[in-house]
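[1] give me a model of this one.
(one chain, ligands or ions: 2)
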Amino acid sequence: MKTIAFTNQKGGVGKTTSTVNVGAGLCRQGNKVLMVDLDPQANLTYSLRKSSNRLDNSIYDVLKGRVDPEEAIISHNGFDIMPSSIDLSGAEMEFANEPARETILKNSLNGFYEKYDYILIDCPPNLGLLTLNAFTAVNEIFIVLQSEYLALHGLSKLMDVIQVVKERLNPEIEITGIICTLFDGRKNLNNEVVDHIKDYFGNKVFDTLIRDNVALAEAPSHHKTIFEYAPDSYGAEDYDALAQEIKNGQG
Ligand SMILES: Nc1ncnc2c1ncn2[C@@H]1O[C@H](COP(=O)(O)OP(=O)(O)OP(=O)(O)O)[C@@H](O)[C@H]1O
Ligand SMILES: [Mg+2]
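    Ligands and ions are numbered 1, 2, ... in the order given. Next comes the predicted model:
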């Protein structure tokens, strides 16, 4: 069983796209997968489910202790999702004074760790309490980076936070994978940036680069994974290869 947080406090780098499609790829390879949407924007949730379909329960209700975690789970073609909701946007403030506020998610997921081969958490684009909860609930962190100028900008802050979590909350935590997204091999700059990322992170960088592919941007509006929406696209090819690499324990 593996528990992985997909993170970067920078917005729009491909965290949600990677969580969904790595998860779907692992599911296609026969694994039992749970995706946890820990972002109040709820992009993961609504990229797989129509927003007009009201959800009974979300991760917010689970963290509040209002419902059992099982009651919030929804299924999508073979894998499970713990959905988010806009209610979660107040959570940082609401939970700020709770004792053990960083371990609320870990405690909520306790009954799930043995049920799945992979639990993947889609983090919000900040280093607040929700992200701390993610880092406390998992053993592995994948940092998602856009293969563009300033990809590594601000990363030292993220590394500091991971170090603090490791010392105080979760000694198990390790950065085990770096995913380079939105890669365009025709641009010299993209190649230079990936070389730079490899200088910094060495063999933690996955060999599979996720190319810039319009089908990946279109699939969410159809509430589909890339494998459902465009199985012959570069996007499907890349996320299938990445899921394979993750399963084989590289990176
Ligand atoms: N490889 C790709 N090719 C083309 N478009 C992509 C690719 N990856 C992601 N996108 C698009 O880029 C945008 C940002 O991606 P995504 O939502 O996955 O980033 P994020 O890091 O989760 O953002 P946020 O920080 O807001 O949560 C989305 O519109 C998505 O569809
Ligand atoms: Mg996102």
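
[2] now the chain against ligand 2: closest residue?
    Of all residues in the chain, the one sitting closest to ligand 2 is Thr16 (3.3 Å; C-beta to the ion). All C-beta atoms are positioned from the backbone trio N, CA, C, and that covers glycine.

[3] contacting residues around that residue?
    Neighbouring residues of Thr16 by C-beta atoms under 8 Å, 6 or more residues apart in numbering: Phe6, Asp39, Asn43, Leu44, Ser47, Asp122.

[4] quick one, phi/psi of Ile178?
    The phi/psi pair for Ile178 (degrees, to the nearest 10) reads phi -120, psi 120.

[5] what of Thr3?
    Backbone torsions for Thr3, taken as degrees, to the nearest 10, come to phi -120, psi 120.

[6] what number of residues lie near it?
    By other C-beta atoms under 10 Å, the residues close to Thr3 number 23.

[7] enumerate the residues of the stretch 151-251 of the chain near ligand 2.
    With the criterion set to C-beta under 5 Å from the ion, the stretch 151-251 of the chain never comes near ligand 2.

[8] flag the shaky bits of the stretch 51-200 of the chain, pLDDT-wise.
    52 (pLDDT under 70).

[9] show me which residues of the stretch 1-150 of the chain are close to ligand 1?
    Among all residues of the stretch 1-150 of the chain, those adjacent to ligand 1 (criterion: C-beta under 6 Å from any ligand atom) are Gly11, Gly12, Val13, Gly14, Lys15, Thr16, Thr17, Asp39, Gln41, Asn43, Pro125.

[10] count of residues packed around the fifth one?
    Applying the criterion other C-beta under 10 Å, we find 27 residues in the vicinity of Lys15.

[11] also the first one?
    Per other C-beta under 10 Å, the neighbour tally for Gly11 reads 10.
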